[in-house]
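[1] Fold the following.
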Amino acid sequence: MKNLKFLFLLLFPIFGCEKDNAVVIPPVQVESMYFPSNTDTAWETKSLASLGWNQSAIQPLKDYLIEKNTKSFMILVNGRIVMEEYFDDHTATSSWQWNSAGKTLVSTTTGIAQQEGLLNINNKVSQYIGTGWTSETLAQENLITSKNLLSMTSGLNDASNLVITSNLTYLADAGTRWSYANVFQKLMDVVGAASSQNFEAYFNAKLKNKIGMDGFWNNGIIFKIYNSNTRSMARFGLLALNKGKWKNETIINETFFNESITTSQNINPSYGYLWWLNGKPNYMVPGGQTVYQTSLVSNAPSDMYAAMGAEDQRIYVIPSKNMVIIRMGGASDPATPNFALSGFDSDVWQKINAVIN
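    A predicted model of the protein is given here:
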């Protein structure tokens, strides 16, 4: 017992000294997520220097964007503007078409209608818009659900992007073939019928106005196309970064949004509900059935999901970096038309990586 007491007295000063001289490590300060006001044009900014980015790589990025017919380019980090550039007489108030990047607006609005109990994406499309909307047999048509439209697996003929009944002929059973086509726009009819109003009115009330977007849907040559200024596209990207939450309000529930940015079928792993997904083992592109054995944009972050439209309209969302990147403009390569992925993606990410890494 005496030995134990002696040992205790011997060690106590040491322990006490370690406690007295302990290094106190301050907690890491995590920057809060910022959301711009819905009622004015104020938007917080953050300097490149504060992020430790390579400022000497900014001009080469700008030069590339100008060379590739870009109208506007934005980078947000934690919701704050780090870079906002306009080219070719385009301004912060100019509108530009989203093209197929606007498909993600339709996906989100469909999810909102489901969370309100107006529809179920697993139900057949004809339950909402009636039979005879395709030129298939009734049995074939009734296989097509809204989920098939969201995942591009309707099985309908993709020879024409003009969505009229005579073009919507049978090619495969729904769910057995992935093919990028404009038949997704029938979701707008489904939402309209389910909500007893036109799609745009429902979209405006439940999504656009909730996050302070401007913009409008116009009737394009082939389908309705959304038009807005660049900051409105960035607002939607910020909503997507936050998995459907805007400030303290849930616009689209996180469960549905997570489904949207998860592989939606077992044919093209790089496609969710009208969102493109990076970091998957392979991908397919519009206009063919070729499977490419690599990720969508191999030099971009693997957790990136993206809204992609013709002529390189882009919303890149990168959760691991709390980052949203927007690009609007003309086709980067007018000689090579594309509906989604193009050489622009890997080239611009090479330039972006030089800035942020």
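[2] could you say which helix or strand contains residue 179?
    Assessed by DSSP states H and E, residue 179 sits outside every helix and strand.
[3] quick one: the strands in the stretch 151-300 of the chain?
    Taking DSSP state E, counting those that start in this stretch as the test, the strands found in the stretch 151-300 of the chain are 216-219, 224-228, 245-246, 249-250, 276-277.
[4] Including mean neighbour count, distance to residue 71 and mean pLDDT, could those strands go into CSV?
    All C-beta atoms are positioned from the backbone trio N, CA, C, and that covers glycine. Formatted as CSV, the strands of the stretch 151-300 of the chain follow (neighbours: other CB atoms under 10 Å; distance: least, CB to CB, whole Å; pLDDT from 0 to 100):
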stretch, mean neighbour count, distance to residue 71, mean pLDDT
strand 216-219, 13, 17, 91
strand 224-228, 21, 12, 95
strand 245-246, 18, 26, 98
strand 249-250, 12, 31, 98
strand 276-277, 26, 21, 98
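[5] who wins for proximity to residue 176 among those strands?
    In this view, the strands of the stretch 151-300 of the chain are compared for proximity to residue 176 by CB to CB, and strand 276-277 is the closest at 20.6 Å.
[6] How about the contacts made by residue 279?
    By CB atoms under 8 Å, 6 or more residues apart in numbering, residue 279 lies in contact with 295-296, 301-304.
[7] between the strands of the stretch 151-300 of the chain, which gets nearest to residue 348?
    Of all the strands of the stretch 151-300 of the chain, strand 276-277 sits nearest to residue 348, with 14.8 Å by CB to CB.
[8] Determine the set of other helices and strands touching that closest one.
    strand 305-309 (3 or more CB pairs under 8 Å, 6 or more residues apart in numbering; DSSP states H and E).
[9] Which stretches in the protein count as helices?
    Applying DSSP state H to the chain gives helices spanning 2-20, 48-51, 58-67, 103-115, 126-129, 138-141, 146-151, 186-195, 199-203, 230-241, 254-260, 343-356.
[10] Output the strands of the stretch 151-300 of the chain as a markdown table; include the columns distance to residue 80.
    As requested, the strands of the stretch 151-300 of the chain are exported to a markdown table (distance: least, CB to CB, whole Å):
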| stretch | distance to residue 80 |
| --- | --- |
| strand 216-219 | 27 |
| strand 224-228 | 20 |
| strand 245-246 | 16 |
| strand 249-250 | 20 |
| strand 276-277 | 25 |
